[in-house]
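Visitor: Only the shape, not the letters, is given here:
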C-alpha cells in the first residue's frame, strides 16, 4: 500500500512510534526513525524493519533543536531521495500540578512536543511542495482536547499540535499535502506503565470500550492516513481512544 | 543579464501559467502575474535549483517584481 514511499517517524524507537514505524515498513515504506537517545532500541527497530524486507535507518535527533532537525532531514533526502510521509510522534511528559511545574519542565515538554513538530514540518514542507504531495501525521493526545489535571504542560503542547495541524492543512492543501492529527487515548506503553494503579483503574472505568488501547491500533490509523485511501482527509484529528473523548 | 531574464521568464511561464510577454522586468509577481504566497515560495525554490544558489528568507521577502529576481540573481544590484 505504501511501496517505495519514504517515511520519517520521530520518537520511532519505542512505544507508539515503534509500532507506527513497523506498520509503515510492513506496508512497504522505507522508514527512517528519529530517536532521542536509546541506541539499542533504535537499532532493534531498524533491524526488525529490515527483516520485513524494506530499507530502514535510525538517526539520533533532538527534535527541539533546529540544526539537528535540518541536518537529519538533509541526510534523509541524500540517502533516500524524497520524503513522502512525516509522522511527528516524539513526545515526553513531566507531569505535575500546575503550581509545581517548574519553568524548565514546561519548556522541555513544549519544546519537544510542540516546537519539535513545527521544526520537523518546516524541514519537510519544501521537499513535499517540490514533490507536489505529501502526508504529515501529528500524534497529539485526547487530553489535548479534554484537558487533564496534572498535565498542563503536556496538554497545552498537545492542544497546540491540533491547532498547528488545522493551519498547516489549510496552508498546504493546494500542494496536495495533507496534514492530520491522531489523538490517542490511554495506550499501553512505557509512558503510561509508570502511572499509578489507581489512576489506571479510574481511567479504565471511563473508557466505553472497556480496555486500554494497543500501540498497533494507533499505528493502523497512521498507515491509513498515510495511504491513498485517506486522500480526501485533511485538517482532522482522529481520536483512537476507545470512545474516551468523543470528537 | 539577458540570459538570466530568459531563464527566469521560462520558469515563471511554466510555474505561473502566464504568457511570456507578460513577464516584463516591471511585472509584479503577485499583482501582475497572479502568484499567491505559496506560488512565490515555489518559484523561489525552482530558481534556487535552476541557478544553483540559496535565496535567504529575508531576501526572498523583498522580491516583488521580475526585475528584483533578475537583479538578485545577477548580483548586479542585490535586493537590499
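Guide: Received the coordinates, thanks. Note that the coordinates shown come from a computational prediction; the quantities given were computed from them, not determined experimentally.

Visitor: Going by C-alpha atoms from here, please, whenever you check contacts or count neighbours.
Guide: Noted.

Visitor: mind checking the longest strand of chain A?
Guide: Counting by DSSP state E, the longest strand found in chain A is strand A:177-184.

Visitor: how far out from the middle of the chain is the very next helix or strand once past it?
Guide: Counting by DSSP states H and E, the element after strand A:177-184 in chain order, helix or strand, is helix A:190-193. In terms of C-alpha atoms, centre = their mean, to the nearest Å, the centre of helix A:190-193 is set 16 Å apart from its chain centre.

Visitor: ok, back up a step: show me the contact partners of the longest strand of chain A.
Guide: Identification of contacts with strand A:177-184 by C-alpha atoms under 8 Å, 6 or more residues apart in numbering or on different chains yields A:128-129, A:132-142, A:144, A:161-162, A:165-166, A:168-169, A:172, A:218, A:221-222, A:225, A:231, A:233-241.

Visitor: Give me the subset of those lying in helices.
Guide: In helices, judged by DSSP state H, the following of those are found: A:128-129, A:144, A:161-162, A:165-166, A:168-169, A:172, A:218, A:221-222, A:225.

Visitor: What residues of stretch A:76-86 count as buried?
Guide: A:76, A:80, A:82, A:83, A:84, A:85, A:86 (16 or more other C-alpha atoms under 10 Å in any protein chain shown).

Visitor: on that earlier part again, taking the ones in helices among the contacts of strand A:177-184, tell me the two that lie furthest apart.
Guide: Of all pairs drawn from these, the greatest distance, 28.9 Å, lies between A:129 and A:144 (C-alpha to C-alpha).

Visitor: who's in contact with residue A:223?
Guide: For residue A:223, the contact set (C-alpha under 8 Å, 6+ apart) comprises A:20, A:23, A:24, A:27.

Visitor: Mind doing that once more with 6 Å?
Guide: Shown here is residue A:223, whose contacts under the criterion C-alpha atoms under 6 Å, 6 or more residues apart in numbering or on different chains are residue A:24.

Visitor: What score does it have for pLDDT?
Guide: Turning to residue A:223, the model gives it a pLDDT of 98.

Visitor: Same check on residue A:177?
Guide: In this model, residue A:177 is scored at 98, pLDDT.

Visitor: beta partners of it?
Guide: According to DSSP bridges, residue A:134 are recorded as the beta-bridge partners of residue A:177.

Visitor: Next one: it from residue A:218, what distance?
Guide: Note on residue A:177: its distance to residue A:218, by C-alpha to C-alpha, to the nearest Å, is 21 Å.

Visitor: Could you tell me which residues make contact with the residue most central in space within chain A?
Guide: For chain A, residue A:89 is the residue whose C-alpha lies nearest the centre (C-alpha atoms, centre = their mean; 2.0 Å). For residue A:89, the set of contacting residues under the criterion of C-alpha under 6 Å, 6+ apart consists of A:10, A:11, A:17, A:139.

Visitor: Leaving out sequence neighbours, find the closest residue to the residue most central in space within chain B.
Guide: Centroid-nearest residue in chain B, with C-alpha atoms, centre = their mean: residue B:69, separated by 4.1 Å. Closest residue to residue B:69 apart from its sequence neighbours, by C-alpha to C-alpha, 6 or more residues apart in numbering or on different chains: residue B:63 at 6.4 Å.

Visitor: does that neighbour sit in a helix, a strand or a coil?
Guide: Using DSSP: H, G, I helix; E, B strand; the rest coil, the three-state assignment for residue B:63 comes out as coil.

Visitor: Give me the local confidence score for it.
Guide: Looking at residue B:63, its pLDDT reads 92.

Visitor: what's around it, how many residues?
Guide: 20 (other C-alpha atoms under 10 Å in any protein chain shown).

Visitor: Distance check, it against residue B:51.
Guide: With distances defined as C-alpha to C-alpha, the gap from residue B:63 to residue B:51 amounts to 16 Å.

Visitor: Give me the pLDDT value at the residue nearest to the centre of chain A.
Guide: Among the per-residue scores, residue A:89 shows a pLDDT of 97.

Visitor: tell me the mean pLDDT for stretch A:1-11?
Guide: Mean pLDDT, taken over the full extent of stretch A:1-11, equals 96.

Visitor: Find the residue closest to residue A:145 in space, skipping its chain neighbours.
Guide: Using C-alpha to C-alpha, 6+ apart and skipping the chain neighbours, the partner closest in space to residue A:145 is residue A:159 (6.3 Å).

Visitor: Hmm, that neighbour is touching residue A:143, no?
Guide: No - contact between residue A:159 and residue A:143 fails when scored by C-alpha atoms under 6 Å: they sit 7.9 Å apart.

Visitor: where's the residue nearest to residue A:145 relative to residue A:203, distance?
Guide: When residue A:159 is compared with residue A:203 (using C-alpha to C-alpha), they lie 20 Å apart.

Visitor: Who has more neighbours out of the two?
Guide: Under the criterion of other C-alpha under 10 Å, the comparison of residue A:159 against residue A:203 puts residue A:159 first, with 21 against 16.

Visitor: Would you list the phi and psi of that one?
Guide: For residue A:159, the backbone dihedrals (degrees, to the nearest 10) come out as phi -70, psi -40.
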